[in-house]
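In: here is a sequence with its predicted model. Questions after.
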Amino acid sequence: MSLFGKFFNKERKEDLDKGLEKTKTSFFENIKKTVAGKSTIDEEVLDNLEEVLIASDVGVDTSIKIIERIEQRVARDKYVGTAELNEIMRDEIVNVLSENNTGDYEDYTLESEARPYVILVVGVNGVGKTTTIGKIAHQFQEKGYSVMLGAADTFRAAAVDQLKIWSERVGCRFYSKGMHTDPAAVAYETVAKAKEDKMDIVIVDTAGRLHTKVGLMNELSKIHRSIGKALDGAPHEVLLVLDASTGQNAIEQARHFTKATDVSTIALTKLDGTAKGGVVIGISDQFKIPVKYIGVGEGINHLQIFNKREFVDSFFK
């Protein structure tokens, strides 16, 4: 590994540690209260620990799963002290993430041979969808891939302009038909143009009105089909962007979007501004969909490929 590579990884880890600071501080303060004055992991400790996980927005079902596994390990290993509790929790959280392939992505390198590789991006307004697209485009451009952005969010004021600004900022291609045009047609033409021009990657933005509006979900399904007509097998990835700071509401959004389209990966933004970082674990477990990206700051390089080991290490550091 080059010296630059070592520096970059160190810088990346520092960004992650800083981004999870609020979650980590809140989590461990509650853990300390749970084990205060205790020398063994008894039923009271486990009950309190479950409450700590739920309070960190891990979610009820996932929290119960983790606690049951800790209980089994305590019984199996004849372990009776609290000193190693963090290590046991760390292992079980990594296991939960591993079961859903979360954290298995190495970097911004495409493993698929499909060209153009088409990413359809969905999510409600305000979660940082357009910004996430811009940051992903930047990272792929840095890797030497050619990228085209498609502005299929034709309903929201300034959505097209925002995406265009990002394309100019990162130096990638941009396709739009302007406001109030058919989103499915924009998506189709973007992919067709990228195919004609032999682009490596296409990222298609979509509208993000309230997830409770049936019309929006029908529109997303239409866009998905339209992309498939432009290129067999596309989209190759449907990325759902969620705001981690909304906690359980993010889980509710995920529930609606996964019904509307075949979500294959998830990006969780704004982890640096919340103590609800446990939602990463809960969403991965509940929907069996890998978390691929996490946002740990506002900088263009602060959207990281999610690495479960690094995440859990920072969570328990």
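Out: Great, that's in hand.

In: host element of F174?
Out: strand 173-175 (DSSP states H and E).

In: show the contacting residues for the residue nearest to A159 when sequence neighbours are not counted.
Out: Nearest residue to A159 in three dimensions, chain neighbours excluded: D153, at 4.1 Å (C-beta to C-beta, 6 or more residues apart in numbering). C-beta coordinates here come from the backbone N, C-alpha and C atoms, glycine included. By C-beta atoms under 8 Å, 6 or more residues apart in numbering, the residues touching D153 are 130, 159-160, 163, 183, 205-208.

In: sorry, back to before: who touches the strand holding F174?
Out: By C-beta under 8 Å, 6+ apart, the surrounding residues in contact with strand 173-175 are 146-151, 163-164, 167-168, 186, 189-190, 193-194, 197, 199.

In: after it, next one along is what?
Out: With DSSP H and E, the next secondary element past strand 173-175 is helix 183-196.

In: can you pull the buried residues of that next one?
Out: For helix 183-196, burial by neighbour count (16 or more other C-beta atoms under 10 Å) applies to 183-184, 186-195.

In: next helix or strand past that helix?
Out: Beyond helix 183-196 toward the C-terminal end (DSSP H and E), the next one is strand 201-206.

In: need the contact partners of whichever helix or strand comes after that following strand.
Out: Sequence-wise, the next helix or strand downstream of strand 201-206 (DSSP H and E) is helix 214-230. The list of residues contacting helix 214-230 from outside it, by C-beta under 8 Å, 6+ apart, reads 118, 120, 122, 152, 183-185, 187-189, 191-192, 195, 204, 206-211, 234-235, 238, 256-257, 259-262.

In: tilt between helix 214-230 and helix 183-196?
Out: Counting by axes from the mean of the first three to the mean of the last three C-alpha atoms, to 10 degrees, helix 214-230 points 20 degrees away from the direction of helix 183-196.

In: low-confidence ranges, the stretch 1-150 of the chain, go.
Out: 1-9, 28, 78-83, 101-106 (pLDDT under 70).

In: nearest residue to G178 in space, ignoring adjacent ones along the chain?
Out: Here the residue nearest G178, using C-beta to C-beta, 6+ apart, is V160, at 6.5 Å.
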